[in-house]
Every structure is written in C-alpha cells, then in structure tokens.
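# here you go, sequence then predicted model.
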Amino acid sequence: MDKALFLDRDGVINVDYGYVYQKEKFVFIDGIFDFCKTADQLGYLLIVITNQSGIARGYFSHDDFHLITDYMKNEFVKQGVLLTDVFYCPDLAGFNRKPNEGLFLKAQKKYALDMDCCVCVGDNERDIIAGQRAGCGKNFLFHHNFDEIIRNL
C-alpha cells in the first residue's frame, strides 16, 4: 500500500484570495515546491484535496477550475514535482465537502492508500477534521512554514 501527502489548495499551495480561478491571481505559497519535492523523495504521493464552492455559487465554472488546475500542475512539473491527483468538491454541502472525509476516501480507494501512513496539511480546522475522519496518521494545520511539517514527515 502507498502513502500520500494530502494538500489543501487555497491557503497551502496558493495564497487564498477567495475563489481563486485565474492564473494572474494564483500566487504560490513560498516553499511549496521544495516541500513537495521533499515529500516526493520520501515516497509520498502528492494529492490535492480542495473544496471549490465557487462553482456552486456561480463565481466560476468546472471548466475554469480545470484550467487553473492544469496551470497549477504544469507549474509543479516545471519545478520538478508531479502532483499525483486533484480531488475537488464543487458543492456547498455533502459527504465530499470538507470537513467530511469523502474526497480522502475516494483517493484511498483509487490509490490503495494506507491511511495510517498518510499526512494531511490544511490551513483550516475543517481540513484537519476531514483528515482525521479519513484516518490520516498525521494532520498539520499550516501556518506558512513548511519546516516543522517536513521534520515530522
């Protein structure tokens, strides 16, 4: 079985300006690429788990989300890092919306993950609750410093 590093998107990968879906507003958090390189070298699959209620609210479309996701993934590739997958919830409620664990369990099933060996990094308590509910062995509330998390992978 594999292990994964689950990353929230807005607030962990990119600066959370609220409903970010345009390239010009997608600003990467300092250190995210090096952090992900380290996790990759330690054998973690890199999986993004993100609520995207801006879709349900009509602020942007599924197509807009996929375009910005492709941009994000390509920027990671340029930095020598491959994101394994991106799971998102476009809804305002439901089992897949964090703090529920639905997206984590979809990833677990798809990649045969050993959840005890998985790590969740989020910038909001709902991210941590979802990771705990899914059985992630370690859950970190991110405060714009990856060093502590790296020491504990």
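Alright, I've got the coordinates.

# now for the longest helix seen in the chain, which elements pack on it?
If you go by DSSP state H, the chain has its longest helix at helix 62-78. For helix 62-78, the elements it packs on are strand 85-89, judged by 3 or more CB pairs under 8 Å, 6 or more residues apart in numbering; DSSP states H and E. No exception for glycine: its C-beta is placed from N, CA and C like everyone else's.

# adjacent strands (with direction) for the longest strand seen in the chain?
Ranked by number of residues, the top strand in the chain under DSSP state E is strand 44-51. Strand 44-51 has the following strand partners under DSSP bridges: strand 3-7 (parallel), strand 85-89 (parallel).

# only alpha carbons, please: show the longest helix of the chain as PDB.
Output in PDB follows, covering the C-alpha atoms of helix 62-78 (Å, rounded to 0.1, in the frame of the first residue of the first chain):
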ATOM      1  CA  HIS A  62     -16.000  23.500 -13.800                       C
ATOM      2  CA  ASP A  63     -14.000  24.400 -16.900                       C
ATOM      3  CA  ASP A  64     -12.500  27.400 -15.200                       C
ATOM      4  CA  PHE A  65     -11.400  25.100 -12.300                       C
ATOM      5  CA  HIS A  66      -9.900  22.600 -14.700                       C
ATOM      6  CA  LEU A  67      -7.900  25.300 -16.500                       C
ATOM      7  CA  ILE A  68      -6.500  26.700 -13.300                       C
ATOM      8  CA  THR A  69      -5.700  23.100 -12.100                       C
ATOM      9  CA  ASP A  70      -3.900  22.400 -15.300                       C
ATOM     10  CA  TYR A  71      -1.900  25.600 -14.800                       C
ATOM     11  CA  MET A  72      -1.000  24.600 -11.200                       C
ATOM     12  CA  LYS A  73       0.000  21.100 -12.200                       C
ATOM     13  CA  ASN A  74       2.200  22.400 -15.000                       C
ATOM     14  CA  GLU A  75       3.900  24.900 -12.700                       C
ATOM     15  CA  PHE A  76       4.700  21.900 -10.300                       C
ATOM     16  CA  VAL A  77       6.100  20.000 -13.300                       C
ATOM     17  CA  LYS A  78       8.300  23.000 -14.200                       C
END
